[in-house]
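In: Quick one, what's the 3D model for this:
(one chain, ligands or ions: 1)
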Amino acid sequence: MSEPFRIGMIGYGFMGRAHTNAYKRVGDFFSDLALRPVLQAACGRKADAVKAFADGWGYASCETDWRQLVARDDIDAVDICVPNNMHKEIAIAAAAANKMILCEKPLAMDVAEGEQMCQAVESAGVANMVWYNYRRIPAVTLAKALIDEGRLGKIFHFRTNFLQDWTISGEVPQGGAGTWRLDSSAAGSGVTGDLLAHCIDTALWLNGSIADVSAMTETFVTERLHAETGEVQPVGIDDACTFMCHFKNESLGLFESTRYARGHKALYTFEINGERGSLRWDLHDLNRLEFFDYTDDSLVRGWRSIHVTEGEMPYMDRWWVPGLSIGYEHSFVHQVADFLKGLETGEPSQPDFRSALETQSVCDAVLKSADSKAWVSVA
Ligand code: SOE
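Out: Sure, this is the predicted structure:
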C-alpha cells in the first residue's frame, strides 16, 4: 500500500497542467512506488481561475497566496510553476518550511539567485528537483545509455537546436499570462533560459561539462506592448541565440535557438558524432533514436532508426506493447517516478538544484559572451 505524497502546486498554466497530469498518472503506471501523489492544493492569484483549475484537475483545495500554501502542514512538496522571477523567493520560503521542492526550469533568473536556492535546500536538507523533462524521453535516455557504454567512443561534436516561430509578429505582447516569457523582468532572458537551457541540460548530461562559450544573440522586435502596464516598452530578451563551446572532454559544441524560425513550432534536435558512431534525435519524432555504428560490417553499415518502444528500453516496460508510441507528457510522468524512487532509495534523482545550477552557469556565460563579444569561461 503506497503512502500519500501531498502536492501543493503553485501556478496553473501550461506547465502546471503538464506536471499535474504526471502526478495523476504516475501511481497507475509505476504502482510499485512507495509514495503516491495526492493533489492537495493549487495556488494562483486569481481566485476564480485557480478554483476552475483545481476543480477541473482534481485538487482538493485552493490558495490565492503562495505563502499560505507553503505554510500549510498538509503539504509535503511544493511545485513551482510560476514565472522565473518568482522561483527564488518561493523556493527559499518552501525550504525554510521544510517542504520538498519540484521547480520548473530554468532554476532561476541567474546564477546568483540559483546559488541562494541551492544553499536554502541544502541547509534545510529537503529533496529538490528541476523539471528538465527531456532527459526522460526514452529515446534520449537510451542515448545516454549508449554513450555511457562507450558505443560512440571519443566524442568530437555535439550539435543541437531548439527552434520555434511564435513571436515573429510584433503584435505579440510581452508580460502577462502566456507571454511573460517575452518580458525580461519576469523571464530573466529569452530563448537562452527558456529553450537553450533544455539543450544545455541534455548536453551536460550526455557529454559532460562545458569549459567556455562564444555566443551571439539578437532581438528582432525591440519594442512590444506590455500586457500588464498597457504601454509599449523596450524588449529586453534575446529572441535568438547561437553559441559555440568547448566541452571539457575536448569535443566541440554548436547550439542554436530562436523563436523566429518560420515553420518550426518546437524543433528540438541533437546530433552527437564520435569516433565509433553517431546519434541523432528529433523531438518531432520523439520515439526514434538514430544510430550510426561504425563497428558494423561495412556491407550493412548505415544509419539505423531505432523505434524506442521495446520493453527493455528505458521506461517502456511501464507502458503499452512493443511498437506503440508514447508522447511528450510521458517524460513528466517518468520524472515524477524517478523523483519518488529517489526518495525511497535515498539516491536523489537528477537534476537537483545543484546540478541545474550548472546549466544556469552556462546560460549566464552565454549571455555574458554575447554582450562582450568575447569567449567566456563557464564559472
Ligand atoms: C516555450 O514555448 C516552451 O513552452 C518552453 O517554456 C518549454 O520549456 C519547452 O519545453 C517548450 O517550449
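In: For the residue of the chain found nearest the ligand, what are phi and psi?
Out: Closest contact between the chain and the ligand, by C-beta to the nearest ligand atom, is at Asp194 (4.8 Å). Using the backbone N, CA and C atoms, a C-beta is placed for each residue, glycine as well. Backbone torsions for Asp194, taken as degrees, to the nearest 10, come to phi -90, psi -40.
In: That one reaches Ala187, doesn't it?
Out: Yes - with contacts counted by C-beta atoms under 8 Å, Asp194 reaches Ala187, the gap being 6.7 Å.
In: Now for the two: what residues contact both?
Out: Residues touching both Asp194 and Ala187 by C-beta atoms under 8 Å, 6 or more residues apart in numbering: Arg181.
In: one step back: okay, now the residue of the chain closest to the ligand: neighbour count?
Out: When neighbours are defined as other C-beta atoms under 10 Å, Asp194 has 23 of them.
In: Okay, it and Arg181: tell me how far apart.
Out: Counting by C-beta to C-beta, to the nearest Å, the gap from Asp194 to Arg181 is 6 Å.
In: The spatially most central residue of the chain: what's its closest spatial neighbour, skipping adjacent residues?
Out: Among the residues of the chain, the one closest to the centroid is Tyr132, at 2.6 Å (C-alpha atoms, centre = their mean). Of all residues not flanking Tyr132 in the chain, Asp201 sits nearest, at 4.1 Å (C-beta to C-beta, 6 or more residues apart in numbering).
In: Tell me which helix or strand the one you found sits in.
Out: helix 197-207 (DSSP states H and E).
In: Buried residues in that helix, which are they?
Out: For helix 197-207, burial by neighbour count (16 or more other C-beta atoms under 10 Å) applies to Ala197, His198, Cys199, Ile200, Asp201, Thr202, Ala203, Leu204, Trp205, Leu206, Asn207.
In: and the nearest residue to the first one once chain neighbours are set aside, what are its phi and psi?
Out: In other words, Ala197. If the residues on either side of it in the chain are set aside, Ala197 comes closest to Pro106, at 4.5 Å by C-beta to C-beta, 6+ apart. Backbone torsions for Pro106, taken as degrees, to the nearest 10, come to phi -70, psi 160.
In: State the distance from the residue of the chain most remote from its centre to Asp293.
Out: Most distant residue from the mean C-alpha position of the chain: Leu299, 40.5 Å away (C-alpha atoms, centre = their mean). Leu299 sits 13 Å away from Asp293, taking C-beta to C-beta as the criterion.
In: Kindly report the same for Val300.
Out: 10 Å.
In: Tell me which of the two has more neighbours.
Out: Asp293 (18 against 8).
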